[in-house]
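In: coords below, sequence missing:
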């Protein structure tokens, strides 16, 4: 998409550099990214981060060994997600027109993964992974406990 955008306007261009970090790198080297990985990223204008999860590697390794290492290393405290419906896209919100939804979601990005909490018949407790569909029968939400300083920065972002 970025390359198509650049092709439509000759006034700017993108240069991409791919890094082979992630789950395959972990299997080969025992770490998600090299020790000097942040130095390789330090002078880049932007970091486009793809999926890093792997069913054969525990989540805490992929999270803390790559995404949070980068986010904390560069103090990238705000995960900014523009959300809008583009014309011609079959959106999940069928009744929304492109002008009806134009949000920017800002989420704290450097403290770790929000914890899932299961709520069933008024009783809350940590979510567990049971037989397929067992968790879906409960009302669930994603909650996160963040340090006031870090959460406050997100409230003031923008």
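Out: Received the coordinates, thanks. No experiment lies behind these values; they were computed from the predicted model shown. Residues are numbered from 1 along each chain as shown.

In: strands of the protein, start to end?
Out: 78-84, 102-108, 115-120, 123-126, 139-143 (DSSP state E).

In: list the residues that contact the residue most central in space within the chain.
Out: Closest to where the C-alpha atoms of the chain average out (Cα atoms, centre = their mean) is residue 79, at 7.0 Å. Counting by Cβ atoms under 8 Å, 6 or more residues apart in numbering, residue 79 makes contact with 106, 107, 108, 109. Where you see a C-beta, it was placed from the backbone N, CA and C, and this is true even at glycine.

In: most neighbours, which of these?
Out: Ranked by neighbour count (other Cβ atoms under 10 Å), these have residue 108 at the top, with 21 neighbours.

In: that residue touches residue 152, doesn't it?
Out: No - counting by Cβ atoms under 8 Å, residue 108 stays clear of residue 152, with 9.6 Å between them.

In: helices and strands of the chain: which one has the lowest mean pLDDT?
Out: strand 115-120 (a mean of 38; mean pLDDT, DSSP states H and E).

In: what is the burial count for residue 22?
Out: 21.

In: so it touches residue 29, yeah?
Out: No - in this structure, residue 22 is not within contact of residue 29 by Cβ under 8 Å, at 11.0 Å.
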